[in-house]
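Q: Mind folding the following:
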Amino acid sequence: MKSVYEYYVGEDRYPDLDAAGAVSRLSEAVRCRTINELDHSKTDFSSFDRLQELMRRSYPAVMEAGRFELVGHSVLITIPGSDSSLRPSLYMSHQDVVPIVRGTEGNWTHGAFSGDIAEDCVWGRGTLDIKQMVFGILEAAEYLLSHGARFQRTAYLAFGDDEETLNLGARSIAEVLQERGVRLEYVLDEGGGIIEDGAAFGAPGVPLTMIDLMEKGYADLELTVESAGGHSSRPWGGSSLEHLSRAVTAITDRPFAPHCPEPLLKSFEKLAPYITEEPLRTLTQNVRANAGEIAAFCAARPALFPLAATTIAPTVIEGGSAAGNVLPQNMRAIINFRLNGGENKEGLFARCMEAVHAADPQSPVRLRYEQANDPSGIARTDGFGYRTLETVLGEFYPDVVAVPSLTAGATDAKCYEPICDTCLRCSPFMVDAALAHSGVHGTDEHIPIRAYLQGIRVLIRMMELGNIAR
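A: Just a heads-up that it's a prediction; the model follows:
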């Protein structure tokens, strides 16, 4: 596939955009170590204070036209519109970032929280996930307001503080808006953000980007077992590690049948004219009639498998013995699930219990959710928000096919579903797939400056069409 930059159009638009200032402000934002612990009582919120002070002093037009509120440690900025008959829009992201994997600090080319500007990139945690969207949204609003624009549609800028852990910040903002009687026209959150070749979908040579309409459910299932331990020569009844391993294996040995959730059907309907490879070329002539065969095809392909099935991933095991001749005592494991559309956490839990006890009716392993939520709703594609986003992407990436899809990851967008039927997940900061896959939550996270500035232009245009033009 061509370089991602070859798909960029309109880099000469908004020629007086303060590019150097925007890059400098993102760099400063990266230097704020906004890591929110799973146990929020252990979080150093002074880094969030510094980030919010940066927002306040860097965007004077936004602060003058809008109202800046703290909801806990999350940020809600209201830019009022002149037409109360128009439902507001909400542009969102999150302030928090994931920590650095212990022991890998020295592997970074530039420090993880350095915010270094080097090699035509900004380096550090949050440049891809997802401070570039927090500050890109603020840059876009500041540009328009400082140029005399007056919003007709009210815009909310909402930045949660714990998307990487508990989603409480976004949920609190949504509750505040709901209490105020707000009903949103559309939400724009992170998601996608890459231009990739359509080969996995049977459309090689066709550049694609995704507009995610839903996210899969999320569950961390904890398995625990207790044992008295002792000498390994007397393992009567099996060790705690044995019982735990048997339970994990029983669950992973019972995979879910694949099926196509509605957004995946929409993906193939959009892509049908571009698909040249069999069997998808034939199957997509009638996507809904052939949904079962399409799901089976997806389940056999690593790139598509997460879109068509509930995934099961053991991720943690703790408590093993420190010596080969000592029986372990209390042990714990975590299995992470991403629930496909149509599944729910209650059914998943019952299925896991059944699997464990079918393998070992006397299993001492206990199961509980550490956290769990069902799949999100599905955003509308026939309304103003989706049409506007599709139009704007077409202006700046005209040769790229924007495909309705779903995300296997989790975002804050689902928190706004009680007040919005069009929660869209699509980052406008387009990078190539390899950079996104290695950089998001990985070592050497960085964003090319060209990608950052192009994303800001997209957001400016999105606000022009969504909040200024009727």
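Q: When you work out contacts or count neighbours from here on, use the C-alpha atoms and nothing else.
A: OK.
Q: hang on, residue 381 is in a helix, isn't it?
A: No - going by DSSP: H, G, I helix; E, B strand; the rest coil, the assignment for residue 381 is coil, not a helix.
Q: Once you drop chain neighbours, what's closest to it?
A: Once flanking residues are discounted, residue 381 sits nearest to residue 387: 7.2 Å by Cα to Cα, 6 or more residues apart in numbering.
Q: Give me the pLDDT value at that neighbour.
A: Reading off the confidence values, residue 387 has pLDDT 98.
Q: any low-confidence regions in the protein?
A: 470 (pLDDT under 70).
Q: quick one, helices of this structure?
A: Counting by DSSP state H, the chain has helices at residues 19-30, 46-58, 60-65, 131-146, 168-179, 240-252, 262-271, 280-283, 291-299, 305-308, 345-359, 384-396, 433-439, 449-463.
Q: can you list those in TSV and add distance to residue 36?
A: As requested, the helices of the chain are exported to TSV (distance: least, Cα to Cα, whole Å):
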stretch	distance to residue 36
helix 19-30	14
helix 46-58	9
helix 60-65	26
helix 131-146	14
helix 168-179	11
helix 240-252	29
helix 262-271	31
helix 280-283	43
helix 291-299	35
helix 305-308	27
helix 345-359	25
helix 384-396	31
helix 433-439	19
helix 449-463	25
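Q: now those as TSV including distance to residue 367 and mean neighbour count?
A: Below are the helices of the chain laid out as TSV (distance: least, Cα to Cα, whole Å; neighbours: other Cα atoms under 10 Å):
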stretch	distance to residue 367	mean neighbour count
helix 19-30	39	20
helix 46-58	35	16
helix 60-65	49	17
helix 131-146	36	24
helix 168-179	24	18
helix 240-252	10	20
helix 262-271	31	21
helix 280-283	40	18
helix 291-299	28	19
helix 305-308	24	24
helix 345-359	7	16
helix 384-396	41	19
helix 433-439	32	16
helix 449-463	44	23
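Q: and of the ones you listed, who's closest to residue 107?
A: helix 433-439 (12.9 Å; Cα to Cα).
Q: The closest one: how far from the chain's middle?
A: 14 Å (Cα atoms, centre = their mean, to the nearest Å).
Q: Spatially central residue for the chain, please.
A: The chain has residue 411 as the residue nearest its centroid, 4.2 Å off, counting by Cα atoms, centre = their mean.
Q: In this structure that residue contacts residue 160, no?
A: No - using Cα atoms under 8 Å, residue 411 makes no contact with residue 160, being 10.5 Å away.
Q: bridging residues for the residue nearest to residue 252 when sequence neighbours are not counted?
A: Spatially, and ignoring its direct neighbours in sequence, residue 252 is nearest to residue 312 (6.4 Å; Cα to Cα, 6+ apart). According to DSSP bridges, the partner residues bridging residue 312 are residue 337.
Q: how deep is the residue nearest to residue 270 when sequence neighbours are not counted tucked in, by neighbour count?
A: The shortest distance from residue 270 to any non-neighbouring residue, by Cα to Cα, 6+ apart, is to residue 403 (6.4 Å). Residue 403 has 22 neighbouring residues, counting by other Cα atoms under 10 Å.
Q: from now on call the first residue 30
A: Understood, numbering begins at 30; the last thing we discussed is residue 432.
Q: Any idea what residue 432 is bridged to?
A: Beta-bridge partners of residue 432, as defined by DSSP bridges: residue 239.
Q: For residue 419, see how far away it is.
A: 9 Å (Cα to Cα, to the nearest Å).
Q: Can you give me the neighbour number for the closest residue to residue 179 other than its chain neighbours?
A: Nearest non-adjacent residue to residue 179, counting by Cα to Cα, 6+ apart: residue 497, 6.6 Å away. Residues near residue 497, counting by other Cα under 10 Å, number 19.
Q: Quick check: residue 497 vs residue 180, distance?
A: Counting by Cα to Cα, the gap from residue 497 to residue 180 is 5 Å.
Q: swap in residue 194?
A: From residue 194 to residue 180 the distance is 34 Å (Cα to Cα).
Q: Looking at the two, which is more packed in?
A: A direct count of neighbours by other Cα under 10 Å for residue 194 and residue 180 places residue 180 higher, at 22 against 17.
Q: Now the phi/psi pair for the more buried one, please.
A: phi -70, psi 130 (degrees, to the nearest 10).
Q: what's residue 101 in contact with, if anything?
A: residue 198 (Cα atoms under 8 Å, 6 or more residues apart in numbering).
Q: Touching, residue 404 and residue 248? I think so.
A: No - when contacts are counted by Cα under 8 Å, residue 404 is not listed as touching residue 248 (10.2 Å).
Q: overlap in contacts of the two?
A: Residues touching both residue 404 and residue 248 (Cα under 8 Å, 6+ apart) are residue 368.
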